[in-house]
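S.K.: I need the structure of the sequence given here:
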Amino acid sequence: MYTACRKYMASSMEIISKEIIKPSSPTPNNLKTFKLSLLDQLTLHSHTAILLLYKSQHINNSDILNFFLSKTLTKYYPFAGRLEKDGITVDCGDHGVVFVEAKILGCRLSEFHAYPRCGMEVTIDISHKVVDGCMMAAFLNDWAATAHGEVRPPPMILAASIPSLDLGYMMPDIVINKAKTCVTKRFVFGAQKIGLLKQSVSGFVETPTKGELITTVLYRCVVTSSMEKMGCFTNSNLIELLKKEMKELHDGGDGQNLHDWLLSVRESAKNAKELFGHVNVYRCSDVHNAPYYQTNFGWGTPRWVTVPYLLVRNMFILLNTPDGDEIEAMVTLEEGHMKLC
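M.R.: Next comes the predicted model:
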């Protein structure tokens, strides 16, 4: 995992400090090997990053942040581990995370950020196979709570509740095709627009969520643009994160249903090469309900939460806005497709 605290004060970046932060207490021997859940095994190799912008122009003593980061890592021990070559095992040997504090001079946030009065940024970058957006929000909030002296229960580590099965196939690394230029745009769906979308499906879909409505709109737009560009309809699949379905199966207490579902996923994974080789795959990560805007290290809550980069094509990320009434969609497509959206 990579963590960073940056002060927007200059046009060139100056590294103030860089160090490895390890858990404050050793991980027990029985937890040294962490097997990824089936859902995490099916996740493509990529990195997840989140960026929290704060109004404050100064950071409390970074040594204090380091101290409480170290204590928080004891509960999130896989974060300080290393993913093995098999792609499904994390070596939880307390290797640590990289913590960087840097300063940037002469940079006007108004030139590239929607909330220009922010003065400081906290960024986390970690393997998506180890952590998803919701778990990252939980980690950030636990880190901040620990800094306030608050004691919270241990987090639910997904692999501890969802069995790990041998797929017999390792998901491929995401390869960035530099020959194809990708463009990321930010779309904001206001409360009024979301209300109109709900009205438009009334009688067809029962109580759709904000995420479902916006994902459907985005998917329709990109498929339409793909048809215009290619001159025909190309095979496409929308891969929504399966956490919600998995959680319903798990919380329902029906072990047989969960077992049957896991087996069906394993069978489907046998066709993963064909799926990713011949189908346009659109990935959507809906984390607009994740409590990022509650993350308070002592200098207030974030003014804006977003993703610093999206290099993977055909990707949607849904985030909340500060007021909680709107949804921000970060969409990455090939440049030619984006022009048609």
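
S.K.: show me where the chain has strands.
M.R.: 2-10, 13-21, 33-35, 47-54, 82-83, 89-91, 97-105, 120-127, 182-189, 236-240, 280-286, 304-306, 315-320, 327-334 (DSSP state E).

S.K.: mean pLDDT for the ones you listed: which is lowest?
M.R.: Ranked by mean pLDDT, the strands of the chain bottom out at strand 2-10, with a mean of 43.

S.K.: re the thing from before, in CSV, list the strands of the chain along with distance to Glu206 and mean neighbour count.
M.R.: All C-beta spots, glycine's among them, are computed from the backbone N, C-alpha and C. CSV is the format used below for those (distance: least, CB to CB, whole Å; neighbours: other CB atoms under 10 Å):
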stretch, distance to Glu206, mean neighbour count
strand 2-10, 42, 18
strand 13-21, 47, 13
strand 33-35, 37, 17
strand 47-54, 32, 21
strand 82-83, 40, 16
strand 89-91, 40, 18
strand 97-105, 43, 17
strand 120-127, 36, 20
strand 182-189, 21, 16
strand 236-240, 18, 16
strand 280-286, 19, 21
strand 304-306, 30, 22
strand 315-320, 21, 22
strand 327-334, 20, 21
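
S.K.: contacts only, for the closest residue in space to Glu84 that isn't next to it in sequence.
M.R.: Setting aside the residues directly before and after it, Glu84 is nearest to Asp91 in space (CB to CB, 6 or more residues apart in numbering), at 5.8 Å. Asp91 is in contact with 32-33, 81-84, counting by CB atoms under 8 Å, 6 or more residues apart in numbering.

S.K.: before we move on, what about Leu218?
M.R.: Counting by CB under 8 Å, 6+ apart, Leu218 has contacts 187, 284, 316, 329, 331.

S.K.: would you turn those into TSV with distance to Val122?
M.R.: Listed next are the contacts of Leu218 as TSV, based on distance: CB to CB, whole Å:
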residue	distance to Val122
Phe187	24
Cys284	25
Phe316	24
Ala329	22
Val331	24
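
S.K.: and the two most separated of those residues?
M.R.: Spatially, the most separated pair among the contacts of Leu218 is Phe187 and Cys284, at 13.2 Å (CB to CB).

S.K.: which residue ranges of the chain form helices?
M.R.: Under the criterion DSSP state H, the chain carries helices at the ranges 38-41, 62-73, 133-147, 158-161, 191-200, 210-230, 243-251, 255-269, 272-278, 335-340.

S.K.: least reliable of the ones you listed by average pLDDT, please.
M.R.: Of all these, helix 243-251 has the smallest average pLDDT, which comes to a mean of 47.

S.K.: number of nearby residues for Pro322?
M.R.: Residue neighbour count, defined by other CB atoms under 10 Å, stands at 15 for Pro322.

S.K.: isn't it right up against Gln294?
M.R.: No - with contact defined as CB atoms under 8 Å, Pro322 and Gln294 do not form a contacting pair (11.6 Å).

S.K.: got any residues that touch both of these two?
M.R.: Here Pro322 and Gln294 have no joint contacts, going by CB under 8 Å, 6+ apart.

S.K.: quick revisit: would JSON lines of the strands of the chain with distance to Thr209 be doable?
M.R.: Output for the strands of the chain, formatted as JSON lines (distance: least, CB to CB, whole Å):
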{"stretch": "strand 2-10", "distance to Thr209": "31"}
{"stretch": "strand 13-21", "distance to Thr209": "37"}
{"stretch": "strand 33-35", "distance to Thr209": "31"}
{"stretch": "strand 47-54", "distance to Thr209": "21"}
{"stretch": "strand 82-83", "distance to Thr209": "32"}
{"stretch": "strand 89-91", "distance to Thr209": "31"}
{"stretch": "strand 97-105", "distance to Thr209": "33"}
{"stretch": "strand 120-127", "distance to Thr209": "26"}
{"stretch": "strand 182-189", "distance to Thr209": "13"}
{"stretch": "strand 236-240", "distance to Thr209": "11"}
{"stretch": "strand 280-286", "distance to Thr209": "8"}
{"stretch": "strand 304-306", "distance to Thr209": "19"}
{"stretch": "strand 315-320", "distance to Thr209": "10"}
{"stretch": "strand 327-334", "distance to Thr209": "10"}
